[in-house]
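Visitor: Predicted model follows, preceded by the sequence.
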Amino acid sequence: MAEAPTSILFADVGAAATKVGLVDLVAGQYRLLGATRAPSSIGAPYHDVMAGVRQAIMQLQALTGRRLLDAQNALLKPARGDGDGADAFTAVTSAALPLHTVVIGLARDFSVTGAERAVNSSCAVVEHTIAVDEESGRWGTTAQDGRAGGPSAAVEKLATLRADVIVMVGGIDGGAVAPLREMANIVAAVGAAMDESQRPLVVFAGNQAARGEVAERIGTLMQVHMVDNVLPTLDHLNPGPLQMELESIYRQRQIEKIPGFAKLAAWTDRGVMTSADAYTRVAEYLARKYQLRVLALDLGASATTLIHTDGKQLRRTILEEWSIGFGLEALLDAVGIENIMRWLPASFETSEVHAQLLNQALYPTAAPTRWHDLTVLNAAGRELLSKVTQAWQNDPALALMDSDLILLSGAPLARGGKPSALLLMLLDTLDVRGIYSVAADSVGLASALGAVATVNPEAAAQALESDCLVTWGTVFVPELAPRAGEPVVLNVQVQPARGGRLEADVKLGSLELIPLGEGEKAEIEIRGGRGVRWNKFIEGFKNNTFKREVQGGTAGLLIDARGRPLPQLDQMERQREKMQEWMWEAGA
Amino acid sequence: MIEFVPQLLQRRVTANTRIRRARRLPVPGETAGALGMRIGAQDVIARAYPPKIRRALSLTRVIGVTEAEVPKRLLKQVGDPVEAREIIIAKPINFGVQRLVYRAPEAGQITAIQGSWMILDLYGQPYDVPALYRGTIVAVEPRQGGTVEAQGALVQGVWGSSAPGAQAKEAVGVIKWLNKTSDGILEAESIEADARGAILVAGGGVTAAALERATEIQIGGLVVGWLQPELRARAKNARFPVMVTEGFGAKTMCAPIYDLLTALNGQEAALNGRYQLRGAEACRPELFAPLAASRMLPSDAPAELDQLEVAPRARVRGLCEPYLGWIGTLPETFWLQWLITDAGTPLPATLVEWQTVSGEKELVPWTNLELIG
């Protein structure tokens, strides 16, 4: 078996910024020797992804004193005896535009929902859905005298959209074929009406018994890919194969279109991964290694990714339209400025906040340095996260509120957000309860290290844990049902290992931040009143008292006695005053 | 101190440059120009014939024929043109005494029949792509369009009213300043009938009433320094292109853009409102004023660099508050150093000499600057 490379240069090519890093052995341990970033160079005036990659590598050369490029700006690979160069190069990217899809299926609540889940787990967006069961009457019955309505209108919209992929779903395996035959006719007619160069690709993920008829009707006009049924039986949703197929199409149709991509791919040993796949790999690694339920968030400039995994099962959503970078304008259009203002203290003025967010969308890599401006971006982050997780909160199959570790990556960290402020942003929007840790991808290279793992898993893991992830602290969120006249709900006693003792009474509706630095340990004892409930499976819990050794972090220990769901006041003004109080309490 | 200084984002604002712009149809059609041909801004470089409406009909359901019967009952075939009220499909009823028919609602063409589904394209107006940039055709893409090379003044904005995927908003007209100050707001009262077809410029911003008045008068396009956030939807819905040169809020147009647009007042220009922030086709809205042909360089002469370089005394612009829209210069000798933010995070930064009244120097994160020139 070939020996794993020891020095690995790696790149993360984003839509706005390109980051590179170098991992190598230092005193028997793999360490991150340096990390740099440069503006991505996909658009004008460069139109070559390699310009940004080389810029970032040149910075890295200056930072580490190690030559990585030769006189012709080609990669020095493998590493040379004098220490210059690297043994391997890996890359991830999130720079490509998403796939635009249309989903057409038989039943909204079954096959169409399953297909949408698969699309939303990939780097793709659903432009339009047609669910046969949703349309009034039968197909085409409302189209009379050339006036289209109902189903015909839906098909006409399909014919005018310029989708990259049409996803066809419907029926359980072995079920009736006739409705799918009709759908195949619709898709074939729409395809036939388009110019050959603009016809979308069709992915069929419905009743397998209909494959022959679908291929017969569509195959002569458009490329058809057959994948396993997204709903093989009524009680089993199977979005995985469709998701994998969409990812494969995304790589071929979108990533490979990035200018200069072929040169980037030629440098790599294992091809270029999507950032979302690489980040998923990191979340799964942490879940498996520490046996945790991990909720990983990547708030990128171009997309927002949420991953929940316990190492065995995985759920992922990639939101390509909304982000706290390029997608801020779309987010504002969707939610309205008022919904962002509710997350801000009363001193913030609406039109200024609105303008700032739109300006940030124009230049996503700009890093505001003032508390005021960072707070505005965090408010947008709150609204984004609350929207993204809304669908997840209602999914009984997903124990989101029982996560053990929240991992945050992306633009808020790159912009230099304050840990306690970002921690509060997560607490405000993710309904995770109990006791859990929060960590951050401090150098923004977690995804890229996911790709490093494909050539040297040990190097990726050691660099990730020693130089990339930073623990922000431990969070305590009990379930509260207090009785009247009991304002104090929690008594907290902390005994840090370095000595001393801290005691605090945490009142209902408030937060308490207890400083305990990174790497420090402390014995914590939390006594709850009668209205306080903890998950009884939490280690260290007995007789409504929690006692255990916990770890500190950059922010510390945060006790959140605000209750869940978070109290929402009727009056916006009072709500915003409350936000101010919480920010003070959390040190945000 | 950080030894290597990376490239910056950049924006072109220049009195003379040579540009190449692809001009493509949204759907395949026909090209009108030839390689090496000189072309005017309003000359058509490509034309397509998209349908006005694409009708989708289930013939089975409309007149009650089975899928198998459809071919037998059709009186027209795929590719056939149809006149308004012309019968496309007929089915005998009442023992052949009468027949049930489906007539074309308007003139058009049958573009597809699959099973029982028919797609009928109703004829629309031809869709023309003008050259927009007066210059020379340097590449032709059959059925798609071509690339035009042009020389002249170029002002790139930050936001345009023609979003990705939406219909292109472009105009050719004479640049007309109505309130020649860098912070002047364009008011409805100042837009008179002679503004029809012109590209109006205002340094500060525009009022909602002025946007409405501009629509009534049918101006060619609008360039403003700033736009109030609440007017963004109106600007997007306007029929004419809108280009914002600085951003959202209420401030003044930066000096390099103000000076150049002032110098261009009264000249003919092309305004392209298209903006796309991501991907290989990322672009900013732009105003281009072509040079007189006598002042143009021959097309084989070396072109001006199409990218700006980080260099001593290079002109930069601030990208976020508190210096959003400010113009400054990099020092004669400059380097990157660490700036600790309010949040305690170190960011690579450089000293910038702002061209403000007080001319202050400030340490600014590198990511918060763009080259302009």
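Guide: Good, I have the coordinates.
Visitor: tell me the pLDDT at residue A:485?
Guide: Among the per-residue scores, residue A:485 shows a pLDDT of 68.
Visitor: Need the three-state assignment for the closest residue to residue B:15 other than its chain neighbours.
Guide: Nearest residue to residue B:15, sequence neighbours excluded (C-beta to C-beta, 6 or more residues apart in numbering or on different chains): residue B:153, at 4.9 Å. All C-beta atoms are positioned from the backbone trio N, CA, C, and that covers glycine. Classification of residue B:153 by DSSP: H, G, I helix; E, B strand; the rest coil places it in strand.
Visitor: so residue B:153 sits right up against residue B:12, yeah?
Guide: No - judged on C-beta atoms under 8 Å, residue B:153 makes no contact with residue B:12 at a distance of 9.9 Å.
Visitor: which parts of the stretch 251-400 of chain A sit against chain B?
Guide: When proximity is defined as C-beta under 8 Å from any C-beta of the partner chain, the stretch 251-400 of chain A approaches chain B at A:257-259, A:302, A:326, A:337, A:351-352, A:354-356, A:358-363, A:365-371, A:373-374.
Visitor: check contacts around residue 24.
Guide: Using chain A. Each residue near residue A:24 by C-beta atoms under 8 Å, 6 or more residues apart in numbering or on different chains is listed here: A:6, A:7, A:8, A:30, A:31, A:33, A:86.
Visitor: Please refer instead to chain B.
Guide: B:46, B:129, B:141, B:144, B:145.
Visitor: swap the cut-off to 7 Å and go again
Guide: Applying C-beta atoms under 7 Å, 6 or more residues apart in numbering or on different chains to residue B:24 gives the contacts B:129, B:144, B:145.
Visitor: Do a quick rundown of the strands in the stretch 251-373 of chain B.
Guide: According to DSSP state E, counting those that start in this stretch, the stretch 251-373 of chain B carries its strands in the segments B:268-272, B:286-290, B:315-318, B:327-329, B:337-340, B:346-354, B:361-365, B:369-372.
Visitor: Mind putting the ones you listed into JSON lines with mean pLDDT, mean neighbour count and distance to chain A?
Guide: Formatted as JSON lines, those follow (pLDDT from 0 to 100; neighbours: other C-beta atoms under 10 Å in any protein chain shown; distance: least, C-beta to the nearest C-beta, whole Å):
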{"stretch": "strand B:268-272", "mean pLDDT": "97", "mean neighbour count": "25", "distance to chain A": "13"}
{"stretch": "strand B:286-290", "mean pLDDT": "97", "mean neighbour count": "24", "distance to chain A": "10"}
{"stretch": "strand B:315-318", "mean pLDDT": "96", "mean neighbour count": "24", "distance to chain A": "9"}
{"stretch": "strand B:327-329", "mean pLDDT": "95", "mean neighbour count": "19", "distance to chain A": "15"}
{"stretch": "strand B:337-340", "mean pLDDT": "84", "mean neighbour count": "15", "distance to chain A": "7"}
{"stretch": "strand B:346-354", "mean pLDDT": "89", "mean neighbour count": "19", "distance to chain A": "6"}
{"stretch": "strand B:361-365", "mean pLDDT": "92", "mean neighbour count": "18", "distance to chain A": "5"}
{"stretch": "strand B:369-372", "mean pLDDT": "95", "mean neighbour count": "22", "distance to chain A": "8"}
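Visitor: Just tell me which of these ends up closest to residue A:453.
Guide: strand B:346-354 (28.2 Å; C-beta to C-beta).
Visitor: who does the closest one pair up with?
Guide: Taking DSSP bridges as the criterion, strand B:346-354 sits next to strand B:327-329 (antiparallel), strand B:337-340 (antiparallel), strand B:361-365 (antiparallel) in its sheet.
Visitor: Residues contacting it, please?
Guide: Contacts of strand B:346-354 with the rest of the structure, by C-beta under 7 Å, 6+ apart, involve A:367, A:416, B:2, B:316, B:323, B:326, B:328-331, B:334, B:336-341, B:359-366, B:369.
Visitor: How about stretch A:4-14?
Guide: For stretch A:4-14, the external contacting residues (C-beta under 7 Å, 6+ apart) are A:18-25, A:40, A:49, A:52-53, A:68, A:79, A:86-95, A:275, A:300-302, A:445, A:447-448, A:451-452, A:455-456, A:459.
Visitor: Done for today, thanks.
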